[in-house]
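Participant: could you look at this predicted model? Sequence included:
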Amino acid sequence: MAGRGKLIAVIGDEDTCTGFLLGGIGELNKNRKPNFLVVEKDTSITEIEETFKSFLARSDIGIILINQFIAEMIRHAIDAHMQSIPAVLEIPSKEHPYDASKDSILRRAKGMFSAEDFR
Amino acid sequence: MGLDPVSVNMDQQLLRFMDQLETLEEKREKLNSLIEEGWFNISKARYSMGNKQVSSLQYANEMESLVCVHSSISEKGDVEFKCEQTELKTEDLKTSGTVENIGPADGGLRRRMNVKQKEPKEEYASKGQCETQPQGSIKSEKSLSQHQDPLKWFGILVPQNLKQAQAAFKEVITLSAEIATLQSAILATRMEMQAQIKEKHKICQGLKE
């Protein structure tokens, strides 16, 4: 493993995972648990959510990259994550372009403004 | 009276917040285009290699991360992520080293053809080199297996597109660390602004009373 830093995890479709693994982020730990999940047609939402939560619980993961359309499936779990580490980054997927209005972080940032605040 | 510094502070924070959002948007755009480029190259590679040659089935059984992120929390509470990529150059150097070692041995062989049988000692020396060199290359192969280039999962002679895809995704990884830092900074600024808004409300209520 490079240095003693944290890992980057990916939850995404096959091409997204393949690309990031080509980039060198893939790791199988001692328990042979990977830091990525390839979401296919038959992958259940429960499995995605469990994997996401297991990534959140792992202390060796610093950033979680997730396709936005998959993030939509487990939005409640992403919204509930308020800590800064691991950071959750929503990325586009082949068939679903990135939509900033759906991004949890931007929605949080947007939600702070109301007309009354600036009176 | 006490309202002005708070308002000025809030204005500054708001401007900073807007700047951060703008930077985030720019980086996001770049990230999206790089990912698209990566996918496009993967698809091209798949087209030339065959449909099943670039898929999750080719992933290695043993993987070790070549990338890691270092996180540091600032006083304000925002987290800075720094991406560190293990260069496979060390590997390249080792392989190039073996090539260089083979060079003189070849020279020795060539020389042996020209030289008369007057210098048996030199011949011995060159043979000795030839014998020791393969051991060196075995050692370097062992070290290679520890940090294997993911490109090799898909074959030894992979198309150029796959290499381009790898380069694009490496850049995406670096950029994603920057975006994560920026997102954290945005959330920290948001927290600060909310605190300032509360303070301003308190001062306003105090002035009314």
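Facilitator: Here it is on my side, so go on.
Participant: switch to C-alpha atoms for all contacts and neighbour counts from now on
Facilitator: Will do.
Participant: secondary structure class for A:Val10?
Facilitator: At A:Val10, secondary structure determined by DSSP: H, G, I helix; E, B strand; the rest coil is strand.
Participant: the strands in chain A, which residues?
Facilitator: A:7-12, A:36-38, A:61-67, A:87-91 (DSSP state E).
Participant: chain B too?
Facilitator: B:67-73, B:79-85.
Participant: the first one - contacts with which helices or strands?
Facilitator: The reference is to strand B:67-73. Counting contacts by 3 or more Cα pairs under 8 Å, 6 or more residues apart in numbering or on different chains; DSSP states H and E, strand B:67-73 packs against strand A:7-12, strand A:61-67, strand B:79-85.
Participant: by mean pLDDT, point me to the weakest helix or strand of chain B.
Facilitator: Taking mean pLDDT, DSSP states H and E as the measure, the helix or strand of chain B with the lowest value is helix B:120-146, at a mean of 48.
Participant: how close does A:Ala87 sit to A:Ile61?
Facilitator: Remark: distance between A:Ala87 and A:Ile61 (Cα to Cα, to the nearest Å) = 9 Å.
Participant: swap that for A:Arg75, sorry
Facilitator: 20 Å.
Participant: those two: which has the busier surroundings?
Facilitator: With neighbours defined as other Cα atoms under 10 Å in any protein chain shown, A:Arg75 and A:Ile61 compare such that A:Ile61 has more, 20 against 16.
Participant: residues contacting the more buried one?
Facilitator: Listed by Cα atoms under 8 Å, 6 or more residues apart in numbering or on different chains, the contact partners of A:Ile61 are A:Lys6, A:Leu7, A:Ile8, A:Ala9, A:Phe55, A:Pro86.
Participant: mean pLDDT added to the strands of chain A, as JSON lines?
Facilitator: Shown next, in JSON lines, are the strands of chain A (pLDDT from 0 to 100):
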{"stretch": "strand A:7-12", "mean pLDDT": "93"}
{"stretch": "strand A:36-38", "mean pLDDT": "93"}
{"stretch": "strand A:61-67", "mean pLDDT": "93"}
{"stretch": "strand A:87-91", "mean pLDDT": "93"}
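Participant: now for the spatially closest residue to B:Ser7 that is not a sequence neighbour, how many residues are close by?
Facilitator: Nearest residue to B:Ser7 in three dimensions, chain neighbours excluded: B:Lys200, at 7.6 Å (Cα to Cα, 6 or more residues apart in numbering or on different chains). Close neighbours of B:Lys200, defined as other Cα under 10 Å, add up to 21.
Participant: cool, B:Arg16 as well?
Facilitator: Using other Cα under 10 Å, B:Arg16 has 14 neighbouring residues.
Participant: try B:Asn9
Facilitator: Using other Cα under 10 Å, B:Asn9 has 13 neighbouring residues.
Participant: thinking again about what came up before, kindly reformat the helices and strands packed on strand B:67-73 as CSV containing distance to B:Gln58.
Facilitator: Listed next are these as CSV, based on distance: least, Cα to Cα, whole Å:
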stretch, distance to B:Gln58
strand A:7-12, 17
strand A:61-67, 21
strand B:79-85, 22
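Participant: between those strands, which gets nearest to B:Ala195?
Facilitator: strand B:79-85 (19.1 Å; Cα to Cα).
Participant: and chain A, is that closest one touching that?
Facilitator: Yes: against chain A, strand B:79-85 shows contacts by Cα under 8 Å from any Cα of the partner chain at B:Val79, B:Glu84, B:Gln85.
Participant: so which residues make contact with that strand?
Facilitator: Applying Cα under 8 Å, 6+ apart, the set of residues contacting strand B:79-85 is A:2, A:84-85, B:66-74, B:173-174, B:177-178, B:180-181, B:184-185.
Participant: kindly report the same for stretch A:73-85.
Facilitator: A:Ile45, A:Ile48, A:Glu49, A:Lys53, A:Gly62, A:Ile63, A:Ala71, A:Val88, A:Ser104, B:Asp78, B:Val79, B:Ser184.
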